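Enquirer: Could you look at this predicted model? Sequence included:
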Amino acid sequence: MNILMVCLGNICRSPLAEGIMKTKLPEGFFVDSAGTISQHEGEHPDRRAVKTAANHGIDISRQVSRPITSQDFQDFDKIYCMDIDVYEDVISKAADEGQRRKTALFLEAAGNHENAEVPDPYWGDMKDFEDVYQLLDRGCEQIARQLQSRSL
């Protein structure tokens, strides 16, 4: 199963989500990340995201930002979006209802329906990155359980 994590620039939230999810899923799952804008294309994740992940034993330093493409809708079984704006942007790129159905808000998919948006820590400090890490970690745990139970 192929899973894509998507945020705005693909330098903070989705690289963290990619790195975390890779630690939660067994072989046979492929996890990647992308952004809805190409402003940071070719860049590594934000240094604060890299440091936060490293503090938890996860290396995301070699990830490279890229924008989501129409091919991603063919290549990925699940596309998880970090916030509503990202979700709406991704949905607008989908070619049909099948592609739209494989796209979801990350926290809603994880069972958090009260606040379905992962806040963007870009303008914040290290505490904001840590808070986002913890939110993503809990969400990835829930989604990983769901995905593994469906693939049995």
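Expert: It's in.
Enquirer: Strands along the protein, start to end?
Expert: Ranges of strands within the chain are 2-7, 30-35, 78-81, 103-105, based on DSSP state E.
Enquirer: how about these in TSV, adding distance to residue 128, mean neighbour count and mean pLDDT?
Expert: Placement of C-beta: from N, CA and C, glycine included. Converted to TSV, the strands of the chain look like this (distance: least, C-beta to C-beta, whole Å; neighbours: other C-beta atoms under 10 Å; pLDDT from 0 to 100):
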stretch	distance to residue 128	mean neighbour count	mean pLDDT
strand 2-7	14	25	98
strand 30-35	18	22	98
strand 78-81	19	26	98
strand 103-105	20	19	97
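Enquirer: nearest to residue 69, of those?
Expert: Ranking the strands of the chain by their distance to residue 69 (criterion: C-beta to C-beta) puts strand 30-35 first, at 7.6 Å.
Enquirer: can you list contacts of the closest one?
Expert: 1-11, 14-15, 17-18, 21-22, 25, 63, 65-69, 72, 76 (C-beta atoms under 8 Å, 6 or more residues apart in numbering).
Enquirer: repeat that for 7 Å
Expert: 2-10, 14-15, 17-18, 21-22, 25, 63, 65-68, 72 (C-beta atoms under 7 Å, 6 or more residues apart in numbering).
Enquirer: if you count residues, which helix in this structure comes out on top?
Expert: Determined from DSSP state H, the single longest helix within the chain is helix 126-150.
Enquirer: Mind giving me the packing neighbours of that helix?
Expert: Helix 126-150 sits against helix 13-24, helix 47-55, helix 106-109, with contacts defined as 3 or more C-beta pairs under 7 Å, 6 or more residues apart in numbering; DSSP states H and E.
Enquirer: Outside of that helix itself, list whatever touches it.
Expert: Under C-beta under 7 Å, 6+ apart, the answer for helix 126-150 is 1, 13, 16-17, 20-21, 24-25, 48-49, 52, 56, 106-107, 109-112, 118-119, 121.
Enquirer: Got a PyMOL select line for the buried ones in those residues?
Expert: A single PyMOL command is used to select the members of the contacts of helix 126-150 judged buried by 16 or more other C-beta atoms under 10 Å:
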select buried, resi 13+16+17+20+21+24+25+48+49+52+106+107+109+110+112+118+119+121
